[in-house]
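Student: compute the structure for the input listed below.
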Amino acid sequence: MNISHVFCPLLAAISGSILSGTALSDDIVLPPPDKKGGKPLMQVLNERHSTRSFTDKPIPVEVLSSLLWAAQGVNRNDPDYRTAPSSRNSNEIEIYVVLPEGAYLYKPETHQLQKVIQGDMRAATGTQEFVGTAPLNLVYVVDQSKQPGDFDAKRKLVTACTGVGFIGENVYLFCTSAGLGTVFRAMLDADYLQRRLQLPIFKKVLYAQSVGYPSNS
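Tutor: Numbering: from 1, shown residues only. The predicted structure is shown next:
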């Protein structure tokens with residue numbers, strides 16, 4: 001197997017609209033992700049690291065599309081099969097995409113963003129100062145209604161956190177290959193963020209992850 005093609009992020013020249021320049025009042029159908037190219041897997045693993053300082057450069061919608069597909073996109077004919085595994089294939093983890101213009105729920109089945117909240121709520125996604133200016137914050141939420149009914153509370157928490165870990169590492173690998181910076185975060189006020197996202201009681205905030213072009217400073 002040629003490991004150079006195991007992970008396939010977007011490296012071609014970016015063209016088209018910038019997400020910050022598009023009308024975000026409605027749901028967004030993302031362009032098809034770029035599944036070819038990218039750095040060799042072993043090189044990406046060697047270069048992977050966390051970044052906490054970002055420029056204010058917005059992330060192009062084409063890059064966001066490929067990033068979200070890498071995180072948890074559909075990679076087989078059955079929409080339940082994703083780039084990240086989940087316990088009993090329950091796909092209980094949801095990704096909320098928090099941008100300067102608003103918050104959106106990523107829908108892997110249709111590869112689109114569903115509007116949730118209008119307005120900038122990036123600062124609400126964590127307690128560290130940089131999250132308020134990072135171009136993109138991903139919020140990972142478990143939908144407990146999708147978890148196996150025979151799991152006890154401890155097992156449900158363990159499998160949910162494990163699922164988020166798979167997704168978060170996919171984001172790390174994509175960002176490393178695509179020239180983006182990222183950091184996985186547990187420092188957040190989950191209850192406050194749940195209220196801001198207007199989540200129902202059976203959905204719980206677990207972690208978050210900031211993404212952007214790394215600052216040289």
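
Student: so what's L67 closest to, chain neighbours aside?
Tutor: Leaving aside its chain neighbours, L67 sits nearest to F174 (5.3 Å; criterion: C-beta to C-beta, 6 or more residues apart in numbering). (C-beta placed from N, C-alpha, C; glycine too.)

Student: what's the average pLDDT for the host helix or strand of the one you found?
Tutor: For F174, the host element (DSSP states H and E) is helix 153-178. For helix 153-178, the mean per-residue pLDDT is 98.

Student: just stretch 203-217 next, same as before
Tutor: Averaging pLDDT along stretch 203-217 yields 94.

Student: gap between that stretch and the chain center?
Tutor: Here stretch 203-217 is found 9 Å from its chain centre; the criterion is C-alpha atoms, centre = their mean, to the nearest Å.

Student: for it, which positions count as buried?
Tutor: For stretch 203-217, a neighbour-count test (16 or more other C-beta atoms under 10 Å) marks K203, K204, V205, L206, Y207, A208, Q209, S210, V211, G212, Y213, P214 as buried.

Student: of those residues, which is the nearest to T133?
Tutor: If you rank these by distance to T133 using C-beta to C-beta, G212 comes first, at 8.5 Å.

Student: from Q72, how far out is the closest one?
Tutor: Distance, G212 to Q72, using C-beta to C-beta, to the nearest Å: 20 Å.

Student: grab the nearest non-local neighbour of V164.
Tutor: Nearest residue to V164, sequence neighbours excluded (C-beta to C-beta, 6+ apart): Y140, at 4.5 Å.

Student: repeat for Y207
Tutor: Y140 (4.8 Å).

Student: lowest-confidence helix or strand of the chain?
Tutor: For the chain, the helix or strand with the lowest mean confidence is strand 28-29, at a mean of 92 (criterion: mean pLDDT, DSSP states H and E).

Student: contacts for that one next, please.
Tutor: Residues from elsewhere that reach strand 28-29 (C-beta atoms under 8 Å, 6 or more residues apart in numbering): T22, V61, Y104, T110, H111, Q112, L113, K115.

Student: any chance of the residues you listed in JSON lines with secondary structure, distance to D191 and neighbour count as columns?
Tutor: Shown next, in JSON lines, are the contacts of strand 28-29 (DSSP: H, G, I helix; E, B strand; the rest coil; distance: C-beta to C-beta, whole Å; neighbours: other C-beta atoms under 10 Å):
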{"residue": "T22", "secondary structure": "coil", "distance to D191": "32", "neighbour count": "13"}
{"residue": "V61", "secondary structure": "helix", "distance to D191": "32", "neighbour count": "20"}
{"residue": "Y104", "secondary structure": "strand", "distance to D191": "21", "neighbour count": "21"}
{"residue": "T110", "secondary structure": "coil", "distance to D191": "30", "neighbour count": "13"}
{"residue": "H111", "secondary structure": "coil", "distance to D191": "31", "neighbour count": "19"}
{"residue": "Q112", "secondary structure": "strand", "distance to D191": "28", "neighbour count": "16"}
{"residue": "L113", "secondary structure": "strand", "distance to D191": "25", "neighbour count": "27"}
{"residue": "K115", "secondary structure": "strand", "distance to D191": "23", "neighbour count": "15"}
